[in-house]
Every structure is written in structure tokens, then in C-alpha cells.
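Novice: With the input below, show me the fold.
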Amino acid sequence: MILRLSFIVLIYSVILIVVSPIIDHIFTPLHPDEPYYEVLGEFVAQVIILSLAWYAINVGLRYLLAKVTVKVRSHEETAIEVITAVILVGLQKNLSEKLNYITEWHPVRDTLFQLFHD
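Specialist: Model (predicted):
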């Protein structure tokens, strides 16, 4: 059981470590002189692409594992989800920089709530 789980996690990890930086390099790094909404749009687009990539990788690997008669059990599914989240999102340097930029200035927090602050 441990060997089987390790095999599944290893396959997912290797593929995600290869694919994740490719997705990150598709999108430009943060340029602070860009308009806020342009950075927000790039952030949303990158999250959508990551979601689609995760879905395609998950479906494709499940298909390949089924071909070699490896059935993914529920506890293995949990491990796969954790590994996928950590690797796929954790290796997105451009995404994390844009998220930090977006959360530094938020239009609602910085304009609307300032009216009630004083």
C-alpha cells in the first residue's frame, strides 16, 4: 500500500514539476507600472489556465493509471489533491507576485471602507 501510494505520488509530482513552470512562464512577470485591473485580469487568467491544466492532468493520469490496472483509492485521492495543490500552485512565482500586488491595494477596501474609517 505504501509503495503503491508512493508510486502514484511520484508520477503526479514529476509531471506537475515539469508542467507548472511552463504555465508560469506563459504569463508575464509583474510590472508594477501596469494598471491594477490588467494585473487582476492576468491573475484570473492564470488561475483559469491552472485549473484547466490540473483537470487535464488529473483525467489523463487517471486514464493512464487505469490502463496499467492501478485504481486510485479515496485516501490516495486525498494525497494526490494535496500534492497537486502544493506543487502546481507553489511553483507559480508570477502568480504569487501578482496576488501580493493585488492584495496590497484593493479598490473596495481602500476607497469604500476609508469613508467609514474616519
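
Novice: which residues touch the nearest residue to residue 16 once chain neighbours are set aside?
Specialist: Excluding the flanking residues, the one nearest residue 16 by Cβ to Cβ, 6 or more residues apart in numbering is residue 87, at 4.2 Å. Backbone N, C-alpha and C define where each C-beta goes, glycine included. With contacts defined as Cβ atoms under 8 Å, 6 or more residues apart in numbering, the neighbours of residue 87 are 12-13, 16-17, 20.

Novice: Can you tell me which of those residues are buried?
Specialist: 12, 16, 20 (16 or more other Cβ atoms under 10 Å).

Novice: helices and strands around the helix or strand that the last one is a member of, which ones?
Specialist: Secondary-structure assignment from DSSP states H and E places residue 20 in helix 2-26. On a contact count with 3 or more Cβ pairs under 8 Å, 6 or more residues apart in numbering; DSSP states H and E, helix 2-26 meets helix 36-67, helix 74-84, helix 93-104.

Novice: Please identify the buried residues of the last one?
Specialist: Put plainly, it is helix 93-104. In helix 93-104, counting by 16+ other Cβ under 10 Å, buried: 94-95, 98-99, 101-102.

Novice: and it, average pLDDT?
Specialist: Averaged across helix 93-104, pLDDT comes to 85.

Novice: still on that earlier bit, nearest to residue 67, of the buried ones among the contacts of residue 87?
Specialist: Nearest to residue 67 out of the buried ones among the contacts of residue 87 is residue 12 (Cβ to Cβ; 15.9 Å).

Novice: That closest one reaches residue 82, doesn't it?
Specialist: No: between residue 12 and residue 82 there is no contact under Cβ atoms under 8 Å: 10.2 Å.

Novice: Turn the buried residues of helix 93-104 into a markdown table, including distance to residue 54.
Specialist: Converted to a markdown table, those look like this (distance: Cβ to Cβ, whole Å):
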| residue | distance to residue 54 |
| --- | --- |
| 94 | 17 |
| 95 | 13 |
| 98 | 18 |
| 99 | 17 |
| 101 | 23 |
| 102 | 21 |
